[in-house]
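> build the 3D model from these lines:
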Amino acid sequence: MSWAGKLLRVNLTDGTVKSEPLNMDWAQAYIGSRGLASKYLVEEVDPKVDPLSPANKLIWSTGPLTGTMASTGGRYTVVTKGPLTNAIACSNSGGYFGAELKMAGWDMVIFEGKSSKPVYLCINDDVAELRDAADIWGKTVWQTEEHLKKVLQDPLARVSSIGRAGENLVLYASIVNDLHRAAGRSGVGAVAGSKNLKAIVVRGTKGVGNIKDPVAFMKAVKEKKKILADNAVTGQGLPAFGTQVLMNVINEVGALPTRNHRDSQFEGAKDISAEAMATPRKTDGKKHLVTNQACFGCTIACGRISKIDEGHFTVANKPQYWGASGGLEYEAAWALGAANGVNDLEALQYANLLCNEDGIDPISFGATIGAVMELYEMGVLTKEQIGIEAPFGSAQALAFLTEQTVTGQGFGKEIGQGSKRLTAKYGHPELSMTVKGQEFPAYDGRGIQGIGLGYATSNRGACHLRGYTVASEILGIPVKTDPLVSEGKPELVKAFQDATAAFDSSGLCIFTTFAWGLADLAPQISAACGDQYTTEELEKIGERIWNMERDFNNRSGLTAADDQLPKRLLTEAVKTGPAKGKVNELATMLPKYYEVRGWNADGTLKPETRARLGL
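Predicted coordinates:
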């Protein structure tokens, strides 16, 4: 049974670090990672807690397949109540940190309370202790990682930390590991900052044992890796182009949100696409993209490593940004680019580097800049208030406002509160493209009806990774559905949401689902953990996790009224492309979604649904 079987409970108020057995009944019912950490949060935290108060808890969690030979077994999640949304927050990250934590012998770390001074947690296999973080408080993620590896005198140690944005309580601050992999969304980094928690540094040398049936496990893993390798998306598209392969695809179908969702196609998409990253620059003859990169145990390798143009105005006098580092993923390229009408690839990379360096979510940040630029063009915000001329398309404004936000200076303090609070302050809340306070990702819910419903009903606020119906509606995976049609989408969204919850809880990457279904996950978990994990049982576990998260949100004060899209998506029709004339048909889809979920008309769980799922 490939759980380590124990967790660390860290009371920051008292300064204590204690080991305790993992609740194996909960592990069996919720698997691990997202599901199991959410179960602990739901059982231990008042749903109405202030997310930035000491009473909130912050949980790092691995899955039973994290650190194993299963492909993409490097994932971990950070679970808390999110300050951006006041809903349950679960942010997933790759890289190498998750596997290292598991190899040190820990399934989970639970932080509670608040330290009286900045601290970090040091884990070396069984030995764990809180240490003074005075030397790294006020430092970036990159500086923190370098410092802690020197202190431990171990270059193989792995670090998960916040930058200055988390310390400054930017409401969408992220937690970053391995320099540029992030638990990115919902403000988990701000919760760490509110607790005076700077980082976890871990060195694990135990490996992951306890596999129930090693022979069957290795056989299943080998078979499933071949499926990934033979698949056009996981074996070809993602390794070659990364998620940026989607930029031109989504633009062509008319679902690339542009200029704060005023438009659905971006005339500059080709300039910030995967193809552009792989084309030599006119300025220096070098390609933006250096290579791809894989996380721990990953056979897909979708990550991008890029090198910025050293002569670009953003870095001409900043050699610290000239080296190869984490490159643009699709979501970041969209949020920093199309969402703001900016088609300067190097400016996008500069902003992306700052997001990584100081730990902020580029999706929420970029989308908030889009709202700022629209307010500027309307005359609501002025150059004097913002600190720079900020029309749509201004790479200079993007770079300046990124610097201001990550350092907590000037108008950046307001941008750091997210678009919901910012637009409300200046009298135009309708310009916030959010659900439950979290900004939309890179797909227009008018041109892709199912993803619009997915945004509205996502338990952590607007999110594509909670139920990626784009796979079906655009890519035809596992079956092709019409993106412009709302019929059948409630059932599709539910199926994607439940399956995703199961995959997230295993410790594997959601990108495997371009090639795998639950029938491919089941034999790997069964061999590692126990025969009870059939495809049908995984479906039920995913549904249980989804409903548990929903119930927490309901008890926190969120209602059916929060399952809503901005007026722009419901009343302003798409202007160009295949989706021309379309709005999102949420009013038709939402009641049916509640019905297929087994919920009441007000979005609460029916007693029979609770009973069936064991909630």
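> and Thr77, how far from Arg555?
21 Å (CB to CB, to the nearest Å). For glycine as for every other residue, the C-beta is placed from the backbone atoms N, C-alpha and C.
> who has more neighbours, these two?
Between Thr77 and Arg555, counting by other CB atoms under 10 Å, Thr77 is the more crowded of the two (29 against 13).
> contact partners for the more buried one?
For Thr77, the contact set (CB atoms under 8 Å, 6 or more residues apart in numbering) comprises Ser33, Arg34, Ala37, Trp60, Ser61, Cys90, Ser91, Asn92, Ser93, Ala183, Asp504.
> what is the burial count for the third one?
I take that to be Ala37. By other CB under 10 Å, the residues close to Ala37 number 30.
> I'd say it and Cys90 touch.
Yes - using CB atoms under 8 Å, Ala37 is in contact with Cys90, at 7.2 Å.
> who touches both of these two?
Thr77, Val79.
> give me the phi and psi for Val176.
Per-residue torsions, Val176: phi -110, psi 140 (degrees, to the nearest 10).
> how about the one 5 residues further on?
With angles defined as degrees, to the nearest 10, Arg181 sits at phi -110, psi 140.
> could you do the one 4 residues further on as well?
Here is the backbone geometry of Arg185 (degrees, to the nearest 10): phi -100, psi 160.
> how close does it get to Val470?
Arg185 is 17 Å from Val470, by CB to CB.
> out of the contacts of Thr77, which sit inside helices?
Residues of the contacts of Thr77 located in helices (DSSP state H): Ser33, Arg34, Ala37, Asp504.
> could you point out the longest helix in the chain?
helix 535-556.
> buried ones in that helix?
535, 537-554, 556 (16 or more other CB atoms under 10 Å).
> got it, and stretch 25-42?
Across stretch 25-42, burial judged by 16+ other CB under 10 Å covers 27-42.
> what of stretch 487-496?
Result for stretch 487-496 [16+ other CB under 10 Å]: buried residues Lys489, Pro490, Leu492, Val493, Lys494, Ala495, Phe496.
> now what about it, what contacts it?
Here stretch 487-496 has contacts from 449-450, 453-454, 457, 467-469, 471-472, 481, 589-590, 592-593, 595-597, using CB under 8 Å, 6+ apart.
> only C-alpha atoms, please: export it in CSV.
Provided in CSV are the C-alpha atoms of stretch 487-496 (Å, rounded to 0.1, in the frame of the first residue of the first chain):
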residue,chain,number,x,y,z
GLU,A,487,-27.2,20.1,-24.7
GLY,A,488,-25.4,17.2,-23.0
LYS,A,489,-22.9,19.5,-21.4
PRO,A,490,-24.1,19.1,-17.8
GLU,A,491,-23.4,15.4,-18.0
LEU,A,492,-20.1,16.0,-19.7
VAL,A,493,-18.9,18.5,-17.2
LYS,A,494,-19.9,16.2,-14.3
ALA,A,495,-18.0,13.3,-15.8
PHE,A,496,-14.9,15.3,-16.3
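> what's the mean pLDDT across that stretch?
In this model, stretch 487-496 has an average pLDDT of 98.
> centre of the chain to that stretch, how far?
22 Å (CA atoms, centre = their mean, to the nearest Å).
> one step back: out of the ones in helices among the contacts of Thr77, which one sits closest to Thr13?
Ala37 (20.7 Å; CB to CB).
> what residues are up against that closest one?
Ala37 sits next to Ile59, Trp60, Ser61, Thr77, Val79, Cys90, Met108 when contact means CB under 8 Å, 6+ apart.
> need the residues you listed in JSON lines with pLDDT and distance to Lys18, can you?
Below are these laid out as JSON lines (pLDDT from 0 to 100; distance: CB to CB, whole Å):
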{"residue": "Ile59", "pLDDT": "98", "distance to Lys18": "15"}
{"residue": "Trp60", "pLDDT": "98", "distance to Lys18": "16"}
{"residue": "Ser61", "pLDDT": "98", "distance to Lys18": "17"}
{"residue": "Thr77", "pLDDT": "98", "distance to Lys18": "22"}
{"residue": "Val79", "pLDDT": "98", "distance to Lys18": "19"}
{"residue": "Cys90", "pLDDT": "98", "distance to Lys18": "24"}
{"residue": "Met108", "pLDDT": "98", "distance to Lys18": "13"}
